[in-house]
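Novice: Here's my sequence, what's the structure:
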Amino acid sequence: MHMTIQNKTEPAWYRWYILTVLVGVYAFSYVDRQIVTVLAPFLKHDLGVSDAQLGILYGTTFALFYGLFGIALARLADGWSRVRTLALGLSFWSVMTALSGAAGNFTQLGLARIGVGVGEASSTPAAVSILGDYFDKSQRATVLGLYSIGVYVGAGLSLVIGGSVVAFWQTHFPNPEAAPLGLAGWQAAFMAVGVPGLLLALLITLTIREPVRGRLEGVVHLGDATPFRSALREASAMLPPWNILRLVREGYPRTEIRKNLMWLALAAVFAFLIIRFTDGLLSADRRPVVGYLAGLEITSNVIQWVAMSIAFYAVASWFQSLRLRDPEASSMLTSSRTFCALTLAGGFLAFSMNATTGFVFVYANRYLGFTAANGLQLGAIAAICGGLGITVSGYLADYARRRFVTGRLWFTSLTAAVFTLASLVQFTTQNVSLFYMAFAVSTFFVPMWFAPNQATTQDLVTPRLRGTAFAMYSLGANILGLGLGPYTVGLISDATGDLRFAILCALSTLPFTILVLAYAARHLPADERVAQRAAMGMTQ
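Specialist: Sure thing, here's the model as predicted:
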């Protein structure tokens, strides 16, 4: 339904207040997400985890559930109150972060990290959709760039807080039995960053007003009459037996059922083959057994590749469901060559980013002798340089867009190249000062792809699909990037005994990223015209 409404009904300061609060939420999410990096050496010592298991804790357990639940929770945000969705998600992941401090082994910590991923899946789709209804399209990349400051403020704070708490604990409680509640330093750090999120959730509930969807474009979407049912429908579309039963119940052709079962079989075969291959790469002492199921060993590779196979099947099932029940959304999201290319490019960029950031402190500890106290320096550099990089990236990307239709994408290509070159220096030097300098440069440039890519994907959809579009775009960044990047580095490190070599392998994705971005740039003008015509059709 089309409605004419005033574009800006609130004072300018309130819009910027909302942006500030949402930046804080994003920062909290990255503190809770990234703190594993600075605590990694202590997790290895106390829990005996391998490098591959660190990759699972930092990447896979989080990414799989963040990516998959993100689809259902984005649907909830598109149909229900985005403010309430955000507050509830923040509360849940804060509790799960605090519970991470009570973990006594790899399995318990992994389950807590899954909870963090589920909770955080609600955050950015809701936040991006809210910002889209408080700021004009001409400001979108700039605003999203400012919003993304939270990434490196949070990543920096995770190093600062985690390093500070552990260093304090080591100084004041050298005997863990004499520490409060018998906690180790890493356990106290998890609890210290988890609890404050509950207060921020209360602030969101009390001070942020839900905006009307699409009000700035004059294409108002009033939400979903049954938002929770729609969210459950999204979730049930991904996993058997509910997805198959739905196909049968709703009378879809048998060919659709056969397709779904074929994807399930392919996922199972892939998991079996890749588990055998990767287990064969590791010696027995580098292939710890987490548990047993029906007499079969459950290794890190079993967890990783079963999880990735589930992700492949779930995403394929969701795409099938979207195509069958919402052809307009399917066409706009999956038929857009630019959107698909940007999703893949985001996966490559996230692969390199998470592979390096996930192991930066472990690398510095192992090769350069860094201690917990050095987390303060690394954290300060990450927060300042990453925050500055994200801040200017939105403005520069919008400027490039004004000069050329494809300017944002070429801007992303340039910044990805500089990040990769700086990272090569960072992970090959033995000089601590040069390491810090290269880390500063790479941290400044690595987040610059967030705003231009996100803004471009938002330009390719109508207002009612903003949250869903972001969740779909995030599948590449989270499942391919976060789900594979850290684990791949950990696996190569365990197999070769050389963490430096493993990280350098992860940086080799740059040429593929540039090629995919060039393909996206070629098709961007035509795909934007399709989205504009679709939006105009909604107003008729």
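Novice: Look up how far residue 78 lies from residue 236.
Specialist: From residue 236 across to residue 78, the span is 17 Å (CB to CB, to the nearest Å). No exception for glycine: its C-beta is placed from N, CA and C like everyone else's.
Novice: repeat for residue 163
Specialist: Taking CB to CB, one finds residue 163 at 39 Å from residue 78.
Novice: do residue 387 as well
Specialist: 29 Å.
Novice: Which one's more surrounded, the two?
Specialist: Shown here are residue 387 and residue 78; by other CB atoms under 10 Å, residue 78 has more neighbours (29 against 25).
Novice: The more buried one reaches residue 462, doesn't it?
Specialist: No: the criterion here is CB atoms under 8 Å, and residue 78 misses it with residue 462 at 11.1 Å.
Novice: For stretch 327-334, buried residues please.
Specialist: Neighbour-count burial for stretch 327-334, counted by 16 or more other CB atoms under 10 Å, picks out 329-330, 332-333.
Novice: Narrow these to those in helices?
Specialist: Using DSSP state H, the members of the buried residues of stretch 327-334 that fall in helices are 329-330, 332-333.
Novice: Adding pLDDT and distance to residue 510, write the residues you listed out as a markdown table.
Specialist: Output for these, formatted as a markdown table (pLDDT from 0 to 100; distance: CB to CB, whole Å):
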| residue | pLDDT | distance to residue 510 |
| --- | --- | --- |
| 329 | 75 | 32 |
| 330 | 75 | 31 |
| 332 | 74 | 30 |
| 333 | 76 | 27 |
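Novice: Out of those, which comes closest to residue 496?
Specialist: Distance to residue 496 across these (CB to CB) is lowest for residue 333, with 39.5 Å.
Novice: my guess is the closest one meets residue 468, correct?
Specialist: Yes: Residue 333 is within contact range of residue 468, at 7.3 Å (criterion: CB under 8 Å).
Novice: any common contacting residues for those two?
Specialist: residue 461 (CB atoms under 8 Å, 6 or more residues apart in numbering).
Novice: Strands of the stretch 251-400 of the chain, start to end?
Specialist: For the stretch 251-400 of the chain, applying DSSP state E, counting those that start in this stretch gives strands covering 289-293, 296-299.
Novice: Would you mind putting the CA coordinates of the last one into PDB?
Specialist: Listed in PDB are the C-alpha atoms of strand 296-299, where the atom choice follows Å, rounded to 0.1, in the frame of the first residue of the first chain:
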ATOM      1  CA  LEU A 296      32.800 -43.500  15.900                       C
ATOM      2  CA  GLU A 297      35.400 -40.900  16.800                       C
ATOM      3  CA  ILE A 298      34.200 -37.300  16.800                       C
ATOM      4  CA  THR A 299      37.200 -35.200  15.800                       C
END
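Novice: any idea how far the spatially most central residue of the chain is from residue 124?
Specialist: Taking CA atoms, centre = their mean, the centroid of the chain lies closest to residue 478, which sits 4.6 Å from it. With distances taken as CB to CB, residue 478 is found 10 Å from residue 124.
Novice: So the residue lying closest to residue 365 once chain neighbours are set aside: helix, strand or coil?
Specialist: Computed as CB to CB, 6 or more residues apart in numbering, the closest residue to residue 365 that is not its neighbour in sequence is residue 41, at 5.1 Å. Look at residue 41: counting by DSSP: H, G, I helix; E, B strand; the rest coil, its state is helix.
Novice: Quick check on residue 244: phi, psi?
Specialist: Residue 244 has phi and psi values of phi -70, psi -40 when expressed as degrees, to the nearest 10.
Novice: That one contacts residue 261, doesn't it?
Specialist: Yes: contact criterion CB under 8 Å: residue 244 and residue 261 qualify, at 7.4 Å.
Novice: low-scoring stretches of the stretch 1-150 of the chain, by residue?
Specialist: 1-9, 137-138, 141 (pLDDT under 70).
Novice: residue ranges of the helices in it, please?
Specialist: Using DSSP state H, counting those that start in this stretch, the helices found in the stretch 1-150 of the chain span residues 12-47, 51-55, 61-79, 82-100, 106-120, 123-132, 140-147, 149-172.
Novice: any chance of these in a markdown table, with distance to residue 414 too?
Specialist: A markdown table is the format used below for those (distance: least, CB to CB, whole Å):
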| stretch | distance to residue 414 |
| --- | --- |
| helix 12-47 | 24 |
| helix 51-55 | 29 |
| helix 61-79 | 27 |
| helix 82-100 | 33 |
| helix 106-120 | 30 |
| helix 123-132 | 24 |
| helix 140-147 | 15 |
| helix 149-172 | 19 |
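Novice: how about the ones you listed, which one is nearest residue 265?
Specialist: Minimum separation from residue 265 across the helices of the stretch 1-150 of the chain (CB to CB) falls at helix 61-79, 19.8 Å.
Novice: From the chain's centroid, how far away is the closest one?
Specialist: Remark: helix 61-79 is offset 10 Å from the chain centroid, using CA atoms, centre = their mean, to the nearest Å.
Novice: Kindly report the same for stretch 486-496.
Specialist: On CA atoms, centre = their mean, the centre of stretch 486-496 falls 20 Å from that of its chain.
Novice: Okay, buried residues for that stretch please.
Specialist: 486-495.
Novice: Done for today, thanks.
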